[in-house]
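Chemist: quick check, what structure comes out for this input:
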Amino acid sequence: MPYFHSSKLWQISLSWGLGLLMVLALASPSQAHWADLSVADIQVREPDVTINLTIPTGLVTQFDDDGDRQLSAPEITRHQANLQQFLNEKIRLTAAGAKPNTSSVRAGVTQNLPNNLNATPETHSSLLLAYHWAQPIDRLNIDYKLFVPGVATARCLAQVFRNDRIDNLVFTPTSTTAALIDAPIWQQITSFIGLGIEHIWTGYDHILFLVSLLMLGGSLPYLLKVVTAFSFSHSFTLFLAAFNIISVPSRFVEIAIALSIAYIASESLWRKQPQARWQLAFAFGLIHGLGFSSALQELELPRTNLLTSLGSFSIGIELGQFAIVLIAYFLLSYLRKFSWDLTMRRLISVGIILMSAIWFWERVFVG
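Modeler: Reported below is the predicted structural model:
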């Protein structure tokens, strides 16, 4: 009997420990989605190319003499040669295999940063990079590798202007190359699919909502029905908001998302069987879709190809969401083999409620 009690105590303690680790891993305070962001406007006028680039000054801090976290025109002029060499190593343009004959760097025009970027214009610097080829160019590629070291979510959002065409691209540490002349449509599609996957995987509030939906269990077909309802509804409002058909202040949306997570998680404490789960998922998905839309709205994408960017972004969200649901489903199914499964599920639900309460407090009184 003493052995039984000590074994039971060990199992309960382990469940609490594992539950806390899971909650902390998913719900650690999230940084702004657009942290470590760079923005580039690329003008292609053969045989000349200009890039108006706004980057975190931390990337070029060695040239910031006064330490004010912004490169001034005199600082750019003073370090012209070294700054140009540094940028040429990080941003390579080639036309049919040939590098430009001349290139220069000077102060650029400060661009608008997304409102939810955890930064201000004073933390970023704008540079104008100019490239020239002696002969007309018909093929042009870029290799962009100017990212904060060791930050997987760092990226550069680029708009490429050539003639009457505008292409939207997203450069990340794992996706650095693109064609700038006659770029294939799949290049933009895959770029925004990756952005959608990254958005859902770094959106800890959305992840906890999905986990909470699965907490009461159910067959895989039933859970897929629940998740499909959520996907359909959030895709609906994502499209409406992205095209400015509906507009809700982002602060109210984020507050409502926090409350939706708390409610779904609290159900797991008093319900024994999933009831009306897909209807709840559909209703709350409408709110989460407004949250997803803010990721694209604040990029101010041109309407000429917004549908392509939006559809690709939405596909990325669904792919990332599908992966999260499968992982959570099989982990929770495996836990049902243990006698302390209910203890862990309740602990995880309480942890999710606490995290959503923290988010609610931050979004009401801080944010």
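Chemist: helix/strand/coil for residue 157?
Modeler: What DSSP: H, G, I helix; E, B strand; the rest coil gives for residue 157 is strand.
Chemist: what's opposite it in the beta bridge?
Modeler: With DSSP bridges applied, residue 157 shows beta-bridge pairing to residue 39, residue 170.
Chemist: okay, it: pLDDT?
Modeler: Residue 157 carries a pLDDT score of 86 in this model.
Chemist: one more: residue 140?
Modeler: We have a pLDDT of 91 for residue 140.
Chemist: okay, now it: neighbour count?
Modeler: 25 (other C-beta atoms under 10 Å). Every residue, glycine included, has its C-beta placed from N, CA and C.
Chemist: that one contacts residue 179, correct?
Modeler: Yes: taking contacts as C-beta atoms under 8 Å, residue 140 lies within contact range of residue 179: 7.0 Å.
Chemist: shaky segments in the protein?
Modeler: Applying pLDDT under 70 to the chain flags the ranges 1-35, 110-122, 273-275, 295-304, 367.
Chemist: quick one: contacts of stretch 39-47?
Modeler: 49-54, 95, 111, 113, 132-138, 140, 142, 144, 156-162, 180-181 (C-beta atoms under 8 Å, 6 or more residues apart in numbering).
Chemist: buried residues in it?
Modeler: Going by neighbour count (16 or more other C-beta atoms under 10 Å), the buried part of stretch 39-47 is 39-42, 44, 47.
Chemist: out of these, who's nearest residue 316?
Modeler: residue 39 (20.0 Å; C-beta to C-beta).
Chemist: and the contacts of stretch 56-64?
Modeler: Stretch 56-64 has contacts (C-beta under 8 Å, 6+ apart) with 36-38, 69-71, 75-76, 79, 82-83, 86, 119, 123-125, 146-148.
Chemist: sorry, back to before: buried only: go through the contacts of stretch 39-47 for me.
Modeler: Buried residues within those, defined by neighbour count using 16+ other C-beta under 10 Å: 49-54, 95, 111, 113, 133, 137, 140, 142, 144, 156-162, 180-181.
Chemist: for residue 180, which non-adjacent residue is spatially closest?
Modeler: residue 140 (4.4 Å; C-beta to C-beta, 6 or more residues apart in numbering).
Chemist: in contact with the one you found, which residues?
Modeler: 44, 49, 93-95, 179-181.
Chemist: please convert these to CSV, extending it with distance to residue 328 and secondary structure.
Modeler: Shown next, in CSV, are the contacts of residue 140 (distance: C-beta to C-beta, whole Å; DSSP: H, G, I helix; E, B strand; the rest coil):
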residue, distance to residue 328, secondary structure
44, 45, strand
49, 46, strand
93, 44, strand
94, 44, strand
95, 48, strand
179, 38, strand
180, 40, coil
181, 44, coil
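Chemist: okay, those residues in TSV with distance to residue 362 next?
Modeler: Below are the contacts of residue 140 laid out as TSV (distance: C-beta to C-beta, whole Å):
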residue	distance to residue 362
44	43
49	43
93	42
94	46
95	49
179	42
180	41
181	45
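Chemist: need the strands for the protein, in chain order.
Modeler: In the chain, the strands defined using DSSP state E lie at 37-45, 48-56, 91-94, 102-107, 124-132, 141-144, 155-162, 165-171, 177-179.
Chemist: and the fifth one with strand 48-56, angle?
Modeler: Per axes from the mean of the first three to the mean of the last three C-alpha atoms, to 10 degrees, the angle that strand 124-132 makes with strand 48-56 is 160 degrees.
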